[in-house]
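[1] What follows is a predicted protein model with its sequence.
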Amino acid sequence: MSLSTPVNGKVAVITGADSGIGRATAVRLAAAGMDVGITYNSDREGAEETAEEVRSHGCRAEVAHLDLTALPGAADTVDALWERLGRVDVLVNNAGTGTMTPFLDLEPETVREVLDVDLLGPFLCSQKAARHMIRQGDGGRIVNVTSVHEHQPRVGAAPYCAAKGGLGLLTQVMALELAEHGITVNAVAPGEIATPMTGQEDTDPRTESRPGIPLGRPGDAREVAAVIAFLAGPDASYVTGASWSVDGGMLRMGPQAGSHLTSHDWRRP
C-alpha cells in the first residue's frame, strides 16, 4: 500500500506509535517512502517492532520515549527526533489515554492527566513541529487523532470527551493560523477500532459483531491509517481544518447507542 504520490525524503513523527493506529500509520507512511520518528510511553519493545517494520520498507526509523504527563518538557522529544532525522514534515498526534469514571467520582488528578495527554500534549508537540516546518520553508502536515467523542459525548468519559472536543477546535484554530506557512492541520476521528486501547489487540474486526454500528463491525487500525496517510500526503494539499470520521457510520447512530446496541432491530422501520 502506498500514497498515490510518492513522498520520498519526507519525515513523519508519530506519537504513540508502539501499537494500534500509531503503528499502522507509521508502516503506511513508510510504505510511501517517509522516514519515521516513533514515540512510546511504556512499550519500548512495541516501538522497536514498529521501527523494524518501517525499516523493512527501506526507510529510516528513530525511537524515542514520550511521557505526555510530564509536560511541558516532554514535548522536547519532537525536537530530539527532528535532530536525529534532519527535518519534520508531518506530525501525527496519536498518543492518548482515557477513563471510564462517573463524573461525580472523578478526581482532579485523573482529569488533569487525561487533559495533559489528549490536549495539552498535542498542543505543545504541534508548536514544536510547526516551528521546524516554518523554518524549513516548504510547509507541512499536522494530523490530530481525536475520536468520535470529539463530536458527541459518552457517559463515563467526561475528561476524554472534553479533551477530544478541545483538540477538535484546536485543530481548526491551528489550521487558520498555520495556513500562511503552507501547513495544513486536520483531525481524524475514529470510532471503535480493534486496538489494544479497546482490548482487541489480536482481534480480526471483520469477525466481531457490532449491531449498533451501521457497517456492523469495529474498524481496523489500518483503515484509520489510510485516512491519516491521505491527509499527511501531497494529495490533500487543499484540505485543512476538517475532521474526518472513520467510524463505520457510528456517529449517525450516536456513539453512545452505536457501541451499546445489542440487536439489529433498528435497521427495520
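    Structure's in. What do you need? Small disclaimer: the values here were computed from a predicted structure and weren't measured. Numbering: from 1, shown residues only.
[2] Report the mean per-residue pLDDT for whatever helix or strand residue 178 lives in.
    Per DSSP states H and E, residue 178 falls inside helix 158-178. In this model, helix 158-178 has a mean pLDDT of 98.
[3] Packing partners of it?
    In terms of contacts (3 or more CB pairs under 8 Å, 6 or more residues apart in numbering; DSSP states H and E), helix 158-178 is packed against helix 108-115, helix 121-136, strand 140-145, strand 183-190. Where C-beta positions appear, they are placed from N, C-alpha and C, glycine not excepted.
[4] Would you mind giving these as CSV with mean pLDDT, mean neighbour count and distance to residue 80 added?
    Listed next are those as CSV, based on pLDDT from 0 to 100; neighbours: other CB atoms under 10 Å; distance: least, CB to CB, whole Å:
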stretch, mean pLDDT, mean neighbour count, distance to residue 80
helix 108-115, 98, 15, 23
helix 121-136, 98, 21, 10
strand 140-145, 98, 27, 18
strand 183-190, 98, 26, 21
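[5] Using a markdown table, lay out these together with distance to residue 67.
    As requested, the helices and strands packed on helix 158-178 are arranged in a markdown table below (distance: least, CB to CB, whole Å):
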| stretch | distance to residue 67 |
| --- | --- |
| helix 108-115 | 11 |
| helix 121-136 | 9 |
| strand 140-145 | 18 |
| strand 183-190 | 23 |
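[6] and residue 69, how many neighbours?
    By the measure other CB atoms under 10 Å, the count of residues near residue 69 is 14.
[7] So it sits against residue 113, correct?
    Yes: Residue 69 lies in contact with residue 113 (CB atoms under 8 Å); the separation is 5.6 Å.
[8] Common neighbours of these two, please.
    Common contact partners of residue 69 and residue 113 (CB atoms under 8 Å, 6 or more residues apart in numbering): none.
[9] And the helices and strands packed on helix 158-178: which comes nearest residue 73?
    Shortest distance between residue 73 and the helices and strands packed on helix 158-178, using CB to CB, is found for helix 121-136: 9.4 Å.
[10] For the closest one, which helices and strands make contact with it?
    When contacts are defined as 3+ CB pairs under 8 Å, 6+ apart, helix 121-136 sits against helix 76-85, strand 90-93, strand 140-145, helix 158-178, strand 183-190.
[11] Since that was my last question, I'll sign off now.
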